[in-house]
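Trainee: Quick one: sequence and predicted model below, then my questions.
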Amino acid sequence: MDALVADAAERIFADHVDKPLLDCAEAGEFPQQLWQVLCEAGLHLVGTKDSGTGLADILGLLKVAGRHAVPLPLAEVWVAGFVLGGEDSDGLTVVADDGLVAAWGRRAERVLTLDGRLATEFSVESGANLAGEPRDRIRVDGASEIDLPGEMPELMATTRAALAAGALERTLELAIEYATTRSQFGRTISRFQAVQHQLAVLAGEVAAAVRACDGAIEALDATGFGTQAAAAKARVGEACGIAAEIVHQVHGAMGFTHEHTLHHFTRRLWSWRDEFGNEAFWQRRLGERLAASGADALWDFIAREG
């Protein structure tokens, strides 16, 4: 990932994404000012043909976005820009899943579907995921055919793995910060063995999820990308459930309040783990690949793809 682009994104997200912005976005208000700042910085062009960036940059930046719970359909916009080459890059183009549900479909000018249609005429039924992020059902009225990358479902699954990996890193930071500042019985709760154990398990889950996501990113141009993407989405999904439970336990009652920012991350973890296939879906895909290769090829499969 280009360090200059990553630093620019980090600064913008840190300066503009806060709890009031997230609350407004979850109430259905599009963060227009944030989008305008990204466009002025040229970050809406990440992944397009003449931007000097590619899929690895998209996925790397999505980890940064996940750490800030950025309330924009960046995964969809950037992947659509990569697929379309930047054509009409000033308009908001998003990607719909197999059920024709798209992030911020209500604000989109075009919708790209996983079966290779680019819809310019469509109706929208507003909806939201568990995190309150707009997830709108699309009914296509007019569309043209588009050539998609061969592993488009795996690519979109990896975008969710990348977002979740970034959010997991942030939840670990929040848990450590809270445990090292919250005092109980005359000492910080981080000094209690039970809390230390929880933090150690949390750190292990986050590390495993990030590594699985990085493995998929590293395999983007390899024949094993589909397998790595499936493994990443499955492993990150498992980590989301475990991490969300632990981080709320560490925060105690405070972590369940609306006033604390923790819920902006844990509700996204619960939502992103299910989007573009949950862990059970991708585990089944991996199992089917293993079964198809036969028992004698199991070790070669693990050594080659692991």
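Mentor: Yep, that arrived. In this text the structure is predicted, and so the values were computed from the model without any measurement.

Trainee: For residue 141, give me its contacts.
Mentor: 119, 121-123 (C-beta atoms under 8 Å, 6 or more residues apart in numbering). Glycine gets a C-beta too; all of them are placed from N, C-alpha and C.

Trainee: how far away is it from residue 123?
Mentor: 7 Å (C-beta to C-beta, to the nearest Å).

Trainee: In whichever strand or helix holds residue 246, which residues are buried?
Mentor: Assessed by DSSP states H and E, residue 246 sits inside helix 225-251. For helix 225-251, the neighbour count (16 or more other C-beta atoms under 10 Å) marks 225-240, 242-244, 246-248, 250-251 as buried.

Trainee: Export the contacts of residue 141 as a markdown table, with columns for neighbour count, distance to residue 292 and pLDDT.
Mentor: Below are the contacts of residue 141 laid out as a markdown table (neighbours: other C-beta atoms under 10 Å; distance: C-beta to C-beta, whole Å; pLDDT from 0 to 100):
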| residue | neighbour count | distance to residue 292 | pLDDT |
| --- | --- | --- | --- |
| 119 | 23 | 34 | 95 |
| 121 | 11 | 40 | 94 |
| 122 | 21 | 37 | 96 |
| 123 | 11 | 40 | 96 |
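
Trainee: Which ones among the residues you listed map onto strands?
Mentor: Of the positions in the contacts of residue 141, 119, 121-123 sit in strands, assigned by DSSP state E.

Trainee: Reformat those as JSON lines; add distance to residue 161.
Mentor: Below are these laid out as JSON lines (distance: C-beta to C-beta, whole Å):
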{"residue": "119", "distance to residue 161": "26"}
{"residue": "121", "distance to residue 161": "32"}
{"residue": "122", "distance to residue 161": "28"}
{"residue": "123", "distance to residue 161": "31"}
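
Trainee: ok, so of these, who is nearest residue 8?
Mentor: residue 119 (31.4 Å; C-beta to C-beta).

Trainee: hmm, back to that, tell me the helix or strand right after the helix holding residue 246.
Mentor: helix 262-272.

Trainee: between that next one and helix 225-251, how many degrees?
Mentor: 150 degrees (axes from the mean of the first three to the mean of the last three C-alpha atoms, to 10 degrees).

Trainee: Helix 262-272 - contacts with which helices or strands?
Mentor: Here helix 262-272 touches helix 152-179, helix 225-251, going by 3 or more C-beta pairs under 8 Å, 6 or more residues apart in numbering; DSSP states H and E.

Trainee: If I take that helix and helix 152-179, what angle do their directions form?
Mentor: 160 degrees.

Trainee: Now helix 262-272 - C-alpha only, PDB.
Mentor: The C-alpha coordinates for helix 262-272 follow below in PDB (Å, rounded to 0.1, in the frame of the first residue of the first chain):
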ATOM      1  CA  LEU A 262     -17.400   1.000  21.400                       C
ATOM      2  CA  HIS A 263     -20.700   0.000  19.900                       C
ATOM      3  CA  HIS A 264     -19.900   1.700  16.700                       C
ATOM      4  CA  PHE A 265     -17.200  -0.900  16.200                       C
ATOM      5  CA  THR A 266     -18.700  -4.000  17.600                       C
ATOM      6  CA  ARG A 267     -22.000  -3.600  15.800                       C
ATOM      7  CA  ARG A 268     -20.000  -3.200  12.600                       C
ATOM      8  CA  LEU A 269     -18.000  -6.400  13.400                       C
ATOM      9  CA  TRP A 270     -21.300  -8.300  13.800                       C
ATOM     10  CA  SER A 271     -22.600  -6.800  10.500                       C
ATOM     11  CA  TRP A 272     -19.500  -7.200   8.300                       C
END
